[in-house]
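Participant: Got a predicted structure plus its sequence, pasted below:
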2 protein chains.
Amino acid sequence: MVDLKDVEPQSSSDIGAWNSEADVVIAGYGIAGVCAAIEAARAGAEVLILERTGGWGGAAAQAGGFVYLGGGTPLQEALGFADTAENMEKFMLAAVGADADPVRIADYCRGSVDHYRWLVDCGVVFKAEFWGEPGWEPPHDEGLMYSGGENSAPFNTVATPVPRGHVPQMQDKRTGQKGGGYMLMRPLAETAEQAGVRVDYDTRIQRLVVDESGRVCGVIARRYGKELAIRAHRGVVLATGSFAYNQDMVAEYAPLLVGRPAAAIEEHDGIGIRVAQALGAQVTAMDATEVAFFGDPQLLARGLVVNGAGQRFIAEDTYPGRIGQATLQRQDNQAFLIIDENAHDAACKTESATTFFRQQPNWVAGTVAELEADMGLPEGSLQSTVAQYNADASVGVDRQWGKKPEWLAAIGSPIAAFDMREFTAGFPLGGLRTDLDGRVLGDGGDPIAGLFAAGRCTAGICTGGYFSGASLGDGSFYGRRAGIAASAAELPERN
Amino acid sequence: MVDLKDVEPQSSSDIGAWNSEADVVIAGYGIAGVCAAIEAARAGAEVLILERTGGWGGAAAQAGGFVYLGGGTPLQEALGFADTAENMEKFMLAAVGADADPVRIADYCRGSVDHYRWLVDCGVVFKAEFWGEPGWEPPHDEGLMYSGGENSAPFNTVATPVPRGHVPQMQDKRTGQKGGGYMLMRPLAETAEQAGVRVDYDTRIQRLVVDESGRVCGVIARRYGKELAIRAHRGVVLATGSFAYNQDMVAEYAPLLVGRPAAAIEEHDGIGIRVAQALGAQVTAMDATEVAFFGDPQLLARGLVVNGAGQRFIAEDTYPGRIGQATLQRQDNQAFLIIDENAHDAACKTESATTFFRQQPNWVAGTVAELEADMGLPEGSLQSTVAQYNADASVGVDRQWGKKPEWLAAIGSPIAAFDMREFTAGFPLGGLRTDLDGRVLGDGGDPIAGLFAAGRCTAGICTGGYFSGASLGDGSFYGRRAGIAASAAELPERN
């Protein structure tokens, strides 16, 4: 039960004096907030960001840094990959699935090359090097990688496979300062501040303020225990991140994620969604979730992933987040990795950004029958799965799930199994419904005057399936849109 | 994109004269509406039902008639089944799954025996005869049947299996007049009218009317092209059914059902949900769906149901609605029934309420290998599935999915396959969020004054998995609650 009593909007007529003001007030200084700020400031607005922590960055600065871009970016072209907006759109529609928003996806794909250029103009550096191995992220500072299973079944038959995971060049370390997300945020934050954007840190929004006409004209925020009334002459942009750490919201909207948040920060408490809901804002795709799977893709690609009935259920060389979604959403969170010693040793010699996922096996046996019994799988189940797989490997075609021939090899002996049950976690993808200009839509489907939003407090391009880079992608893309729209919002008469 | 512009509430101050009035105004004369009406009238309220068609009944009167009841009803006891509220609760929590509302389920289970008695007191007749064969519904007028997989894996290990599908005694015909749903509705409608309930037919609600305090005080309805203002002194009860036939809502909330509505009536256009949403009402479980599967359970139980990869994915002797949900939600709507001639012939000699689902096979072959090739399944996939199943049958235990031993028999030759891809349809289960008294909850989590709802325009007991009888069950149970609460609602001063 999601309670909104504590976030009901406040009437501006009840406010004696405003503590501060700006044309555009932005809540949250992560990827969406910084992009909104830059665009609003460039459009001539006075911009004030309210950030609840002591510094810029949000979840973005701690992320690996993928930005999902394509359609023929200069980086793709420099590395010899031919892509088009239409090809990108085909992949995205298939990968998101039945819940896809085709209008938003088309919009995003068509704007992608320009958005790449905009990021580069802001100082973001993408190194022209491609990483082609299975992995969650590149192990070094490579700038481009497959990040959504574009080159794996079934998507490699739907669209021409091209990599679209663009990673800002990092400096040795994968996360934190010098990681890809940090190296995305830093030049953007510098750009924003050079453009005159002001920031109040340690300031968290509590409620929206509306004027007599119902228009959002400010926020109530809290800093060091004190409530502040902050006026927004043109608009408020919500960019406060997901509801991953709001237990009530997760239980209500995305119950498969209860107790398993990941790739989110604790500040993601859903506040932006809630203050807008209290004003009648619509939410959408609230049950959509990104799902991480705690396996090293170099091992996964070389093994068999089976469910609790000993059956394969996916091409193991696909985007590991797809394995995570399939495991959590369709297999009751039950998965095991089956791999023989040769394949295991080969995998462990490779480079990977996630070697920490190479745990010790839970079971090792000389035969599949023994392994199956040790694991407690239904008698005969794993044996028939392996027999089928080995027959497929002998002809070089995975007839059942389409794993690429390069990863097919008969399972030999000794053979190991890894218990990967409950090896999933993730963050929710749903949020406020916005139009393509980042305007928050109310009950009636019309924009709520004065209210804008972007990033993971909104539903973005991934309203079902997911690919890495989608969140920094739509957060930055629609953050800009929200900033532009907010700065252009009709200025009510000052009184 | 669900648009609410046309259903925005109207202010009572804009209404010159009311066309009619009552203490409690109920929209919809199906199962929830009739039960609300009876209770409100018995509590002393003047009750007016607005029904958009020309007669009572709604979807209920066209249904098979299962009412999901248990905990030791006189019918269960008469037929030798020992049940308790706790046992019923265990089953329901497991069958609904992660999205279950434990508070509502406990409430429903504890009230179930009393509710049975109430229905019988209203004149509903349940014949003390049990039907124990696999089926969607009993083939004759039997009064009790398993209707949710209580006696199948995995639920038969979670709770003591007892049947809870209570069917009002029908007269020869399965649906329409004389069917179970009709025989449920008729005595209830008679009871309502004997209690003095008035009904305006051909009258459909358009919008809610609110007074200066925001309290719902009436509805705007339409009859023969004319708009009517109908005042409700105590409360309005929404009982207008699901959104199965609102294409925008289905696309937005339950996209797997796009183009496949079933077991709903075209009047189920979501109007009750929409008028309340326009007033800030919360909705919940909007993606939950009942899913019918167009197979005869007598055939399913004796065969193998496999997915597009040739794998089994469920115990075939379970509630067929579970096969439908698993197929649509987890198997990309891909299913085939594999059955040999002996089993097919045996099934076709049985009685079933759904013999019309016994189509001709799409493929027949002498060997599994041939069949697999004819069907275009991955080479070896069906062969290993059948080999595994036959090995299990030889020891009398379905080790993989737990089908009961009575339905296990090795697959022989000749062997047939039925193409059951896209053989699913259903209705959505989500709707307005209400408290246990049927009060509609608004944005802030508080009840919206004067507004009540029950039936499929609300989220009821099945917010995930489903069992037959849940809709007539929670519609009648919480319809009563809504009627009681509406009749007791604080009476504003008449002016």
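Facilitator: Arrived safely, thanks for sending. Keep in mind it's a predicted model, so treat the numbers as computed, not measured. Numbering: from 1, shown residues only, chains lettered A, B, ... in the order given.
Participant: So what are the structural domains in chain A, by residue number?
Facilitator: If you go by automatic domain parsing, the domain ranges for chain A are A:1-294+A:426-495, A:295-422.
Participant: any bit of the last one sitting next to chain B?
Facilitator: Right, domain A:295-422. Yes: judged by Cβ under 8 Å from any Cβ of the partner chain, domain A:295-422 comes into contact with chain B through A:309-313, A:329-330, A:378-381, A:384-385, A:387-388, A:391-392, A:399-401. In this view, the C-beta of every residue, glycine as well, is placed from N, C-alpha and C.
Participant: Just give the closest residue to the closest residue to chain B within the stretch 151-300 of chain A, not the sequence neighbours.
Facilitator: Nearest residue of the stretch 151-300 of chain A to chain B, counting by Cβ to the nearest Cβ: A:Pro255, 4.7 Å away. Once flanking residues are discounted, A:Pro255 sits nearest to B:Ala98: 4.7 Å by Cβ to Cβ, 6 or more residues apart in numbering or on different chains.
Participant: hey, which of the domains of chain A is tucked in deepest?
Facilitator: Looking across the domains of chain A with neighbours counted as mean count of other Cβ atoms under 10 Å in any protein chain shown, the highest average goes to domain A:1-294+A:426-495: a mean of 22.
Participant: so can I have a markdown table of the domains of chain A showing mean pLDDT?
Facilitator: Listed next are the domains of chain A as a markdown table, based on pLDDT from 0 to 100:
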| stretch | mean pLDDT |
| --- | --- |
| domain A:1-294+A:426-495 | 95 |
| domain A:295-422 | 96 |
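Participant: Make JSON lines out of those domains and add distance to B:Arg421.
Facilitator: Below are those laid out as JSON lines (distance: least, Cβ to Cβ, whole Å):
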{"stretch": "domain A:1-294+A:426-495", "distance to B:Arg421": "16"}
{"stretch": "domain A:295-422", "distance to B:Arg421": "17"}
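Participant: ok, back up a step: quick one, what contacts the residue nearest to A:Pro255?
Facilitator: For B:Ala98, the contacting residues are A:255-256, A:258, B:464, by Cβ atoms under 8 Å, 6 or more residues apart in numbering or on different chains.
Participant: And the strands in the stretch 151-300 of chain A?
Facilitator: Along the stretch 151-300 of chain A, the stretches classed as strands by DSSP state E, counting those that start in this stretch are A:165-166, A:198-200, A:204-210, A:216-223, A:226-238, A:283-284, A:289-293.
Participant: Could you dump the ones you listed into CSV and include distance to B:Val25?
Facilitator: Listed next are the strands of the stretch 151-300 of chain A as CSV, based on distance: least, Cβ to Cβ, whole Å:
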stretch, distance to B:Val25
strand A:165-166, 57
strand A:198-200, 51
strand A:204-210, 32
strand A:216-223, 35
strand A:226-238, 39
strand A:283-284, 30
strand A:289-293, 41
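Participant: among those, which is nearest B:Arg439?
Facilitator: Proximity to B:Arg439, assessed across those by Cβ to Cβ, is greatest for strand A:283-284 (22.0 Å).
Participant: distance between the closest one and the chain's centre?
Facilitator: 17 Å (Cα atoms, centre = their mean, to the nearest Å).
Participant: OK, contacts around A:Gly214?
Facilitator: Contact partners of A:Gly214, counting by Cβ under 8 Å, 6+ apart, are A:448-449.
Participant: same deal with the one 4 residues further on?
Facilitator: With contact taken as Cβ under 8 Å, 6+ apart, A:Gly218 is in contact with A:12, A:15, A:18, A:21, A:25, A:208-209, A:229-232, A:236.
Participant: list the helices and strands the helix ranked longest in chain A packs on?
Facilitator: Looking across chain A with DSSP state H, the single longest helix is helix A:470-488. When contacts are defined as 3 or more Cβ pairs under 8 Å, 6 or more residues apart in numbering or on different chains; DSSP states H and E, helix A:470-488 sits against strand A:20-27, helix A:31-42, strand A:67-68, helix A:102-110, helix A:112-121, helix A:180-194, strand A:226-238, strand A:447-453.
Participant: tilt between the first one and strand A:204-210?
Facilitator: Going back to what we said before, that points to strand A:20-27. Strand A:20-27 runs at 110 degrees relative to strand A:204-210, counting by axes from the mean of the first three to the mean of the last three Cα atoms, to 10 degrees.
Participant: again with the second one
Facilitator: With the same axes, to 10 degrees as the basis, helix A:31-42 and strand A:204-210 are set at 50 degrees to each other.
Participant: One more: the last one?
Facilitator: Direction vectors for strand A:447-453 and strand A:204-210, defined by the same axes, to 10 degrees, enclose an angle of 160 degrees.
Participant: Return the alpha-carbon coordinates of strand A:447-453 using PDB.
Facilitator: C-alpha atoms of strand A:447-453 as PDB (Å, rounded to 0.1, in the frame of the first residue of the first chain):
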ATOM      1  CA  PRO A 447       0.600  17.700 -19.000                       C
ATOM      2  CA  ILE A 448       0.600  19.000 -15.400                       C
ATOM      3  CA  ALA A 449       1.500  22.700 -15.800                       C
ATOM      4  CA  GLY A 450       4.900  23.500 -14.600                       C
ATOM      5  CA  LEU A 451       6.000  19.900 -13.900                       C
ATOM      6  CA  PHE A 452       8.700  18.000 -15.900                       C
ATOM      7  CA  ALA A 453      10.600  14.800 -15.200                       C
END
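Participant: Each with direction, which strands does it pair with?
Facilitator: Here strand A:447-453 has these sheet partners by DSSP bridges: strand A:226-238 (parallel), strand A:439-441 (antiparallel).
Participant: again with the shortest one
Facilitator: Pairing partners of strand A:67-68, with direction, according to DSSP bridges: strand A:165-166 (antiparallel).
Participant: Need the contact partners of the partner strand.
Facilitator: Strand A:165-166 is contacted from outside by A:66-69, A:73, A:75, A:116, A:126, A:143-148, A:467-469, using Cβ under 8 Å, 6+ apart.
Participant: A:Pro187 against A:Val124, yeah?
Facilitator: Yes: with contacts counted by Cβ atoms under 8 Å, A:Pro187 reaches A:Val124, the gap being 5.3 Å.
Participant: Look up the closest residue to A:Cys462, ignoring the ones flanking it.
Facilitator: Nearest non-adjacent residue to A:Cys462, counting by Cβ to Cβ, 6+ apart: A:Ala470, 4.4 Å away.
Participant: where do the helices sit along chain A?
Facilitator: A:31-42, A:74-78, A:85-96, A:102-110, A:112-121, A:180-194, A:247-253, A:271-277, A:297-302, A:320-330, A:341-348, A:368-375, A:381-395, A:470-488.
Participant: what would these look like in CSV with distance to B:Asp296?
Facilitator: Formatted as CSV, these follow (distance: least, Cβ to Cβ, whole Å):
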stretch, distance to B:Asp296
helix A:31-42, 53
helix A:74-78, 53
helix A:85-96, 35
helix A:102-110, 38
helix A:112-121, 51
helix A:180-194, 55
helix A:247-253, 37
helix A:271-277, 46
helix A:297-302, 41
helix A:320-330, 26
helix A:341-348, 45
helix A:368-375, 35
helix A:381-395, 28
helix A:470-488, 44
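Participant: Any idea which of those helices gets closest to A:Glu290?
Facilitator: Across the helices of chain A, A:Glu290 has its closest neighbour in helix A:320-330 (6.5 Å, Cβ to Cβ).
Participant: That closest one packs against which elements?
Facilitator: When contacts are defined as 3+ Cβ pairs under 8 Å, 6+ apart, helix A:320-330 sits against strand A:289-293, helix A:297-302, strand A:424-428, helix B:320-330.
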